[in-house]
Every structure is written in structure tokens, then in C-alpha cells.
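>>> Have a look; sequence and predicted model below, questions after that.
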Amino acid sequence: TDRSRALFGNLSIDPFSSLSPGDFETLSLNIQKRHVIGHNLSIADDRYQALANDARPGQTISLLREDVECFAGVAALVVEALDTELRPGAN
């Protein structure tokens with residue numbers, strides 16, 4: 001999320017401005033969850049624990065359908081906001 005803000009900052013756009021604090025937290029947590037599942041064989045590390053208060057290093061992280069649906073909904077909000085912002089004549 002920091003990298004995304006830096007990239008879009010060059011265009012004076014905050015890609016997450018349309019998100020509530022709760023939605024932004026959901027997005028951040030699920031991005032980290034994807035990282036843990038994809039790169040750590042689903043084993044939580046210290047970095048993930050800092051984001052997910054209920055996780056412990058070494059704990060297996062599962063991905064539930066509800067997580068995916070919630071993440072997809074929040075990601076769609078980001079995409080819609082960026083589409084509106086970047087569309088010619090939007091501003």
C-alpha cells in the first residue's frame with residue numbers, strides 16, 4: 001500500500017482515498033495475508049503479526065471464502081475510484 005501511494009503520488013492521486021479506515025485495514029491485512037500464504041507457505045511471521053493482532057509467528061494462516069469476498073469488494077472500490085480519477089475529463 002505504501003508503494004501504491006508512492007507510485008500514484010507522482011500523479012497527485014491517493015489510490016485509497018475512497019476507503020474508510022476499516023476498508024483500508026481490510027485491504028492491508030489481506031495483502032499481507034496473500035504474501036504470507038504465497039511466500040511463507042501460510043506460516044505467519046513477525047511482520048504479519050504486527051498487522052493481525054490475533055496471529056502468532058509460526059501459526060498457519062488460512063484463507064476463507066469470506067476473506068476473499070471482502071478483499072474483492074474493497075479492491076473493487078479502489079479500482080472504481082482510480083477509474084474515475086484517471087478517466088479523461090474527470091477533473
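All right, it came through fine.

>>> in the biggest helix by length in the chain, what's buried?
The longest helix of the chain (DSSP state H) is helix 65-86. Within helix 65-86, the residues scored as buried using 16 or more other Cβ atoms under 10 Å are 67, 70, 71, 74, 78, 81, 82, 85. In this view, the C-beta of every residue, glycine as well, is placed from N, C-alpha and C.

>>> okay, these in CSV with distance to residue 16 and pLDDT next?
Compiled in CSV, the buried residues of helix 65-86 are given as follows (distance: Cβ to Cβ, whole Å; pLDDT from 0 to 100):
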residue, distance to residue 16, pLDDT
67, 19, 92
70, 16, 96
71, 14, 95
74, 9, 97
78, 6, 96
81, 8, 92
82, 10, 92
85, 12, 88
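
>>> and those, which two are the farthest apart?
Maximum pairwise distance among the buried residues of helix 65-86 (Cβ to Cβ): 27.1 Å, between 67 and 85.

>>> What lies in contact with the least confident helix or strand in the chain by mean pLDDT?
Every helix and strand of the chain was ranked by mean pLDDT, DSSP states H and E. The lowest is helix 46-51, at a mean of 86. Residues outside helix 46-51 that contact it (Cβ atoms under 8 Å, 6 or more residues apart in numbering): 28, 29, 32, 33, 35, 36, 40, 55, 56, 57, 61.
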